[in-house]
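> my questions are about this predicted structure, shown below with the sequence.
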Amino acid sequence: MEKRQLGKTDMNVSVLGFGGAEIGFQGATPETVEKLLNSALDAGLNVIDTAECYEGSEELIGKAVGHRREQFYLFTKCGHPRGVGSEDWSSASILESIERSLRRLQTDRLDLVQLHSCSESVLQKGEAIAALQTARERGYTRYIGYSGDSRASKFAVDSGAFDTLQTSINIADQEPIELTVPRAVEREMGVIAKRPIANAAWKSGHKPIDSYQHTYWDRLRKLDYEFIRGRSLDYSIAQALRFTLSVPGVHTAIVGTTKPERWQANARLIEAGALPAAEFQEIRERWDDIAPRTWVGQT
């Protein structure tokens, strides 16, 4: 699998990374996660990204591949110690959270710890950033990053405090392509794309039950991309994923699944490489023509 150097870090990352949200929120079994992650590592994936608030995700990952720790880069996020919806950006809470993550993930060091979608005002106060810097000084993590979108992500990039930016980049979420990614490239930051296939919100052919996907469903209805209409799901997912990986500056795309076969399919879908320039530009022009300024990054 293709590898790209993650900004000015020493990490040469696979263009597909594994996202740990689904295995936690969907209650994947330890047996499923063991099969999923070990087959992914065997196929060349070397990035695993999770978060403290993804329910049992960290524990599942630690149990499944803790014994292969030297074969992959391990990323996590902090700031929601009592689950999604909770927030605590105090230094004490962040450091305690990182220590818990180390235990859960069965490791003595992380490659990257990220602030998980905190607001611009939290970043401006500086305590959360200082906590990550302390974690780095203590050897808990090699690098520190920010995961989030829109104005907060712009502030994070401009602050110069972070090694990486993780942000939503996909066919239905293109704000960062102009707002933050070029600025991150100038600072030699690693750029990690989350939601790189827009959650495949179109896959069922009708509005998803899960409200989490409604924004992308509504946007895609208006964007009405030709490669989604009347084409196979694999083809449309491949085009969407190749688009994200064709954005200049993107180093890796984080895709979550609970199905080992889905990971293998996604790996095959990107074998064709970057989208041809004309196809990439067509998607960008469609966005410019249709998307109102209110279509900001989805946190």
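On my side now, so go ahead.
> spit out the contact partners of residue 239.
The contact partners of residue 239, taken as CB atoms under 8 Å, 6 or more residues apart in numbering, are 171, 225, 227, 275, 279. No exception for glycine: its C-beta is placed from N, CA and C like everyone else's.
> doesn't the last one lie inside a helix?
Yes: secondary structure assignment (DSSP: H, G, I helix; E, B strand; the rest coil) places residue 279 inside a helix.
> quick one, strands of the stretch 101-250 of the chain?
Secondary structure of the stretch 101-250 of the chain by DSSP state E, counting those that start in this stretch: the strands cover 110-116, 141-147, 164-168, 190-194.
> and the second one, which strands flank it?
This points to strand 141-147. Strand partners for strand 141-147, identified by DSSP bridges, are recorded as strand 110-116 (parallel), strand 164-168 (parallel).
> before we move on, what about the last one?
Strands that pair with strand 190-194, judged by DSSP bridges, come out as strand 164-168 (parallel), strand 252-256 (parallel).
> so residue 220 touches residue 228, yeah?
Yes: counting by CB atoms under 8 Å, residue 220 does reach residue 228; the two are 6.8 Å apart.
> the two: who's more crowded?
Shown here are residue 220 and residue 228; by other CB atoms under 10 Å, residue 228 has more neighbours (22 against 19).
> you'd agree the more buried one is up against residue 202?
Yes: at 5.4 Å, residue 228 and residue 202 qualify as touching, with contact defined as CB under 8 Å.
> need the overlap of contacts for the two.
Residues touching both residue 228 and residue 202 (CB under 8 Å, 6+ apart) are 220, 236.
> sorry, back to before: in CSV, list the strands paired with strand 190-194 along with distance to residue 42 and mean pLDDT.
Shown next, in CSV, are these (distance: least, CB to CB, whole Å; pLDDT from 0 to 100):
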stretch, distance to residue 42, mean pLDDT
strand 164-168, 25, 98
strand 252-256, 17, 96
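> let me know which of the ones you listed is tucked in deepest.
strand 164-168 (a mean of 28; mean count of other CB atoms under 10 Å).
> before we move on, the earlier item: any residues in contact with both of residue 220 and residue 228?
In contact with both residue 220 and residue 228: residue 202, using CB under 8 Å, 6+ apart.
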